[in-house]
Structures are given as C-alpha cells and as structure tokens.
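K.L.:
Sequence unavailable; structure follows:
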C-alpha cells in the first residue's frame, strides 16, 4: 500500500492526474532485503522495470549491479554512477554495432542463446564473458515467459563450447523462471539443468563459473506472495543439492520485486456508465489505461490493488477501462473488479504496486494522451 | 507496397533502423478517393491513426475535417490550420475540464454514449451538438471492437432526449462497425438501428440531423479488400433503404484507410536462431516490435506484408519477434511467417501498410529503445 511519504506527496503536490509516485525508501528496503537474503549472490537490478535516474543512483549508492537490455540502458546506468564492471548486457538479441558500443563503454558480460550471437560477440567484444540462457518451463509463474529467450540445455553446451573456441570466456548459464513466480521450486528445475551443463563442459576442460538466476521474484498485488527469505532458502538449498560443495558465483536480477511495491499511480474516474439499463456491471473509465502505464493488465495478467475513498461501502462489479478511443484499452473485463457502489465521476483512485513496468511502457502520445508522469521521492 | 518516393528516400537517407516513412502522395490519393466516393458525406480524419503534422496540414489543405480523441489532438488539428467547426471531439470518455477546454477552443460537436456524459457537456459546453454512439455487433471486422464505446439503441433514445432537455442540440447517432471491416453489409445493420432512433425521437419532436458512420474502412495488408467505391455504393444503398428520401447529413471517419498504405517501416534483422537443433521453425528477431511500433500485431490481429531482398528463394516458417527483453514482444508465433531461407542477420526488411497506428502507439523508451522514428515525405 502507499507509504505515508507518498500520501504526503500526493496531498501537497497538486499535479495533473494521472501520475506515478515512487518512494525510494521502499526501493532501499527491497534492495537491503535482497542483499541480506542472497548473501552469496550479486544483485543486478533489471533496469527495464523502472529506469528512473533517482532509482539507479540510489541503487549505485547501495552497491547494486545492473542488468541492461540495450545500449541506452547501459548509458543510463553509467550516468547514474555505475562502473562498467557492474553492468551486464542481458538481452540475448543485440545488434552487432550495439555490442561494439557496449564493449567500448567497458561492458564485458553478455547474454547469448545461440551460436550466431556468440560469433557477433567474439568479433565485436573479444575476450568478453558470456553466459548462455536456457529455456525453462515457467510452471508456477503468473506470467510464464514465452520461448523467446533461451535454448534447450543441450544446445547451451554447443553455444558455450563455441564461445570458448572463439576466445570468449564461457562464463556460465542463465535462466528466467517466469515473471511473478510463486513456486519456490521453479529455480530447482532450472538449477538442475544448469548443473548438468557445468558438468558436461567441465569434462571438456571448460570450467563455467556463473549461474545467473534471473528475475521472476514477485511483488505483492492482491494475493500474498512468499517472502524474499523463503526464496533465498529454497534457492540456496537447490544450489547445494545440484552443485554440492562447488557452488558457483550467482547473480539475481530482480526488477519487479525491487520497485513494484514502491510505486503508486494516482488516477481519476473520468466516466461511469452502463451500456443498457438492465446491465448488471458498470463501466468505469479511468484516465490511465493500457497505453499510458497499465500495459501489464494485458490479458488481465496483473490485477493491481485499487484503493478508493469509499472502501467501506457496498461493492459492485465494474469493467475497468482506459481513456483512449481504442477498444482494446480495457483493463479488467473478463473478471470485473469490485468497486464501491458510491464511486463517482471525478473520484481519485490509488493503484498500488505500480512501480514496475508502467512508466517506461507508456506510449509516446497515443490518442494525444501524454506518457505517464512520474515522481521519484 | 512502398512507393518509388519511399524507396528513393530510403536509398538516399541513411537514418538508423528502424524507421517509418509515410508518403503524402498516397494520403492525398486516399483522401480524394474518399471525397469522390462519399460525395454526400463529410470526411473527419481520425487523427489517432497518425497525428504527424505534415499529414494534418495536407488534409486541412484538401478540406478534411477531423475526429479528435483528446484536447491534445484538437490542438494538433488547430495548429495544422483546421478551423474549430471542422473538429469533432469523438471520444465518448472525456474529463469535464477537457470538455471545457475544447469548448473554449471553439469545438461544438461531441460524442456521448450515456446520460452522465451529456450532463457534463450541458454544463461545460452549453448549446453544443451531441451525437450518441450506439453499439454494433462488429461481425465481419478483422478486429471487432469491444463493448467499450456505445450503448444499446433504446438507451441512445434516452441519452439524446436528455441532451435535448438540457439545451444541447441532439444532433445525431454514431457507430463504428469494427476495425478493418470487410463485410459491406456491416453498415446496413447499424444504419437500420440509427433510422429507428431518428424515427422514435422524431415522434417526440426531436429532429436528429446527423449519422456519423465512423471508421472501419480497411487498408490492404496481405488479403485484398473491397474498393472504397464498393463501400460507398453499399452504404449509400443502405442510407436510401433506411432513410428513404430523408437522408441525413453523414460523416465518415477514416483513419487506417487514409494513412495505412502510405507508410512503410524499414527494419533490420538483429538475430536468427533456433531453440534446439531439431526445431523446424526459426526465430527471427527484428529491431521493431510490439513496443516500438507494431502493437497491432497483438493477438496476431494484423498481418503485415513483409518484403525482403530474397523474395525469389525457398521459404521457411519463422516466428517473428521484437528486440526487447519482454517475452510478450512477439509478432507472429501461432501462425509463423514464411520468409526466405536465405534471410540473414543484418538484412533489411520493409514492412508495408504501416502508416496507421504505429508511430504514436510506440512506448516512450521501453528497454531503453527509442520510439519509432518517422519521416513524412
């Protein structure tokens, strides 16, 4: 829920609705919590979750490393004070000239998932460390990932061998267990695959050093999620189980879990209507929608907690939609959202848990609506 | 397909990939075609399809009117030289202060679909003309609209009556038959509903004057679509059938059909890979995707024609994906796209029919990737 700092800010700053407010104190607390729990791991913040400079600067000051999806994100991290040794170019899909630029900026850790990408890196970032991403099944994730990134473990062996042959450091294996992952065993299956790749290449004399365990750590929306400590324990147990007393260096890449619960979107009810007099659900139109911040409601994937000033009254099912003339700009329709019957046009709502994947996803100006304004306090 | 002007521009301007190039000659041709076909209708260009100032200025010079989704779009039209009498505030979801701003800018034509919105307009844009949007079934549309906009015809009668009682001009009825509508009869069903509303309110002494027949006119992607002339004939026949010799004023709001075929996106192949050695489809990653221009590939709704320089070679099924670290950034997966086997990393592709709903939909900077660059020539 919104912190007192956010509530004070909203009460004293009469900025136009909608807007996002992110509380750095919560980000700090999340970072320290990860640091305390994952004592053996390095933390690479997934910049894409929220690239606000204030967040990056805070995380630099706390000692975080960074997972960048593009050269622009590498530059953001550097500008915030990160050193290039603390930046991983974690996107498996990179133009060769972008690899060249990253290398020139000092980045020496790259994700790959195929031989073609290894060859680009060998040419344009010679001698760098590469880790190969493997596919996982995504079971247990609220938003399982597609097969877009990664290859099967058997192919990862070929990819890393090729990296070694081309003079790169075949550094390790990465995976992502799926977004908002609440199954503590999800990491176990992937770590088992990773250990086999270590073993297989080890027999050929190629000693991998790193397991990048990715993101997927959840933030709390409407349902409770396991604690960071529970993840830490489960993952450390799996590392021991699969790697025995040769536990490799590990990396985690929290994004959503670092900033999700630090942000709140303030929005305004623009219109409430029915389509026919006998309809039993109301349509509630907000000034924020899929194209200016709430893209993660796509397929109703993420159900955000919504606070109104009428929370004690009778509730009624509402279809929630955004302000654009786009008929796909609907947040919750298949599963209408219960909101107070007394809700009325002009009311302000707070949408909680919106610190991640909101601001940067917003469209430039679809329908003329400006991108989501963001305040980091 | 790309015009010679676009090909010449791309050949002589070595801008970074990806980019969108829009040929104004094609927009002009589309406008004149609509004008010639819909002799009795006023044309309100749906600005949201592509709000580039060059396009708006051209359409002003040709005598077009404009359908705006927001105050920002109203301002864009005015800046391009449109007069306020030629602007319709066509979004049924409007903040009351935005209605006030539009009214102050001289706009006097508003869309509504419920009594609450009528009351806002009566307070903040007194005396204005309003038209009520009714629901249609969307049969025959490649992208049927949701129920987000409009009300059932029986409710439209109440809405327009209320407008009349509040001193507004109950001006007419609007509908939208669904995007990329290829069933020529779709307008007939909606016009039948509209005529009944005219008749019903006429008996009460409220004479409606306008039918806003919306957009939905298609552009050609991979499949042929009926000609503008075929739509004109079918719609005029329906108007005669339902309104006899009292055909009302009519408006059409083409967006996609005005600019879709005028634009081409140039993109580059960033990576081609397989997930396992025995996969029978290849993954082809482009530098443009769902979050920097191709959002209309959502649910694989729109299948764009893609041109490569290898079109004469053996074809092979490819999954097409964008450059971001987002696993949802995939364009075609359920129905892979046939592309030449000789396609290779670094190749340039042209994605045709991308003049509409691309540039303005792009995200501000998701993953650090900049919005789609656009050139209007």
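P.N.:
Here it is on my side, so go on. Small disclaimer: the values here were computed from a predicted structure and weren't measured. Residues are numbered from 1 along each chain as shown, chains lettered A, B, ... in the order given.
K.L.:
The stretch 101-250 of chain A against chain B: which residues are in contact?
P.N.:
Applying Cβ under 8 Å from any Cβ of the partner chain, we find that the stretch 101-250 of chain A lies next to chain B at A:113-114, A:116-117, A:120, A:135, A:145-152, A:154-155, A:158, A:179. Heads up, the C-betas are built off the backbone N, CA and C, glycines and all.
K.L.:
Tell me how far residue A:347 lies from chain B.
P.N.:
12 Å (Cβ to the nearest Cβ, to the nearest Å).
K.L.:
Please parse chain A into its domains.
P.N.:
Chain A breaks down into these domains under the TED database: A:24-258, A:260-376.
K.L.:
Could you dump those domains into CSV and include mean pLDDT?
P.N.:
What follows is these, written out as CSV (pLDDT from 0 to 100):
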stretch, mean pLDDT
domain A:24-258, 95
domain A:260-376, 94
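K.L.:
nearest to residue B:129, of these?
P.N.:
Nearest to residue B:129 among the domains of chain A is domain A:260-376; the distance by Cβ to Cβ comes to 18.8 Å.
K.L.:
that older thread, export the domains of chain A to TSV and tack on distance to residue B:39?
P.N.:
TSV is the format used below for the domains of chain A (distance: least, Cβ to Cβ, whole Å):
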stretch	distance to residue B:39
domain A:24-258	49
domain A:260-376	27
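K.L.:
Tabulate those in TSV, adding columns for mean neighbour count.
P.N.:
Shown next, in TSV, are the domains of chain A (neighbours: other Cβ atoms under 10 Å in any protein chain shown):
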stretch	mean neighbour count
domain A:24-258	21
domain A:260-376	21
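K.L.:
if we compare the ones you listed, which one ends up closest to residue B:83?
P.N.:
Of the domains of chain A, nearest to residue B:83 by Cβ to Cβ is domain A:260-376, at 18.7 Å.
K.L.:
Quick one: distance of that closest one to the chain centre.
P.N.:
21 Å (Cα atoms, centre = their mean, to the nearest Å).
K.L.:
How about residue A:261, nearest residue that isn't a chain neighbour?
P.N.:
Closest residue to residue A:261 apart from its sequence neighbours, by Cβ to Cβ, 6 or more residues apart in numbering or on different chains: residue A:219 at 4.9 Å.
K.L.:
Phi, psi for that neighbour please.
P.N.:
Main-chain dihedrals, residue A:219, degrees, to the nearest 10: phi -120, psi 160.
K.L.:
One more: the one 4 residues further on?
P.N.:
Listed backbone geometry of residue A:223 is phi -100, psi 150, with angles given as degrees, to the nearest 10.
K.L.:
which stretch among the domains of chain A comes nearest residue B:327?
P.N.:
Counting by Cβ to Cβ, residue B:327 lies closest to domain A:24-258 out of these; the figure is 3.9 Å.
K.L.:
And the strands in the stretch 51-200 of chain A?
P.N.:
Chain-ordered strands for the stretch 51-200 of chain A, with DSSP state E, counting those that start in this stretch as the definition, fall at A:65-68, A:87-89, A:109-112, A:129-133, A:141-143, A:169-174, A:179-181.
K.L.:
how about these in CSV, adding distance to residue A:270?
P.N.:
What follows is these, written out as CSV (distance: least, Cβ to Cβ, whole Å):
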stretch, distance to residue A:270
strand A:65-68, 37
strand A:87-89, 41
strand A:109-112, 42
strand A:129-133, 42
strand A:141-143, 28
strand A:169-174, 43
strand A:179-181, 29
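K.L.:
of all these, which lies closest to residue A:278?
P.N.:
Of all the strands of the stretch 51-200 of chain A, it is strand A:141-143 that lies closest to residue A:278, at 34.8 Å by Cβ to Cβ.
K.L.:
next SSE after the longest helix seen in chain A?
P.N.:
The helix that spans the most residues within chain A, counting by DSSP state H, is helix A:186-203. With elements assigned by DSSP states H and E, the helix or strand that comes after helix A:186-203 is strand A:210-212.
K.L.:
to the chain's geometric centre, what's the distance from the helix or strand following that next one?
P.N.:
Next helix or strand after strand A:210-212 toward the C-terminus (DSSP H and E): helix A:228-243. Centre-to-centre, helix A:228-243 and its host chain are 21 Å apart (Cα atoms, centre = their mean).
K.L.:
who does the helix or strand following helix A:228-243 touch, helix- and strand-wise?
P.N.:
Counting by DSSP H and E, the next helix or strand C-terminal to helix A:228-243 is strand A:249-252. Under the contact definition 3 or more Cβ pairs under 8 Å, 6 or more residues apart in numbering or on different chains; DSSP states H and E, strand A:249-252 sits against strand A:41-46, strand A:210-212.
K.L.:
Mind giving me the packing neighbours of the first one?
P.N.:
So the one you mean is strand A:41-46. By 3+ Cβ pairs under 8 Å, 6+ apart, strand A:41-46 packs against helix A:24-37, strand A:65-68, strand A:249-252, helix A:256-259.
K.L.:
Recalculate using a threshold of 7 Å.
P.N.:
If you count contacts as 3 or more Cβ pairs under 7 Å, 6 or more residues apart in numbering or on different chains; DSSP states H and E, strand A:41-46 packs onto strand A:65-68, strand A:249-252.
K.L.:
Starting from that strand, tell me which strands it pairs with and how they run.
P.N.:
Using DSSP bridges, strand A:41-46 pairs in its sheet with strand A:65-68 (parallel), strand A:249-252 (parallel).
K.L.:
quick one: the longest helix of chain A to strand A:169-174, angle?
P.N.:
150 degrees (axes from the mean of the first three to the mean of the last three Cα atoms, to 10 degrees).
K.L.:
list the contacts for residue A:268?
P.N.:
A:17, A:286, A:287, A:346, A:348 (Cβ atoms under 7 Å, 6 or more residues apart in numbering or on different chains).
K.L.:
between those residues, which is closest to residue B:43?
P.N.:
Closest approach to residue B:43 among the contacts of residue A:268 (Cβ to Cβ): residue A:287, at 29.6 Å.
K.L.:
Now do the contacts for that closest one.
P.N.:
For residue A:287, the contact set (Cβ under 7 Å, 6+ apart) comprises A:17, A:18, A:267, A:268, A:270, A:323, B:95.
K.L.:
To what extent is the second one buried, counted in neighbours?
P.N.:
It stands for residue A:18. 27 (other Cβ atoms under 10 Å in any protein chain shown).
K.L.:
List the residues that contact the nearest residue to it once chain neighbours are set aside.
P.N.:
Nearest non-adjacent residue to residue A:18, counting by Cβ to Cβ, 6+ apart: residue A:288, 4.0 Å away. Residue A:288 sits next to A:18, A:265, A:267, A:294, A:322, A:372 when contact means Cβ under 7 Å, 6+ apart.
K.L.:
so how far is chain B from residue A:277?
P.N.:
In this view, residue A:277 and chain B are 6 Å apart by Cβ to the nearest Cβ.
K.L.:
I meant residue A:348, not that one.
P.N.:
Residue A:348 is 12 Å from chain B, by Cβ to the nearest Cβ.
K.L.:
for residue A:70, same thing?
P.N.:
4 Å.
K.L.:
That residue reaches residue B:369, doesn't it?
P.N.:
Yes - judged on Cβ atoms under 7 Å, residue A:70 makes contact with residue B:369 at a distance of 5.8 Å.
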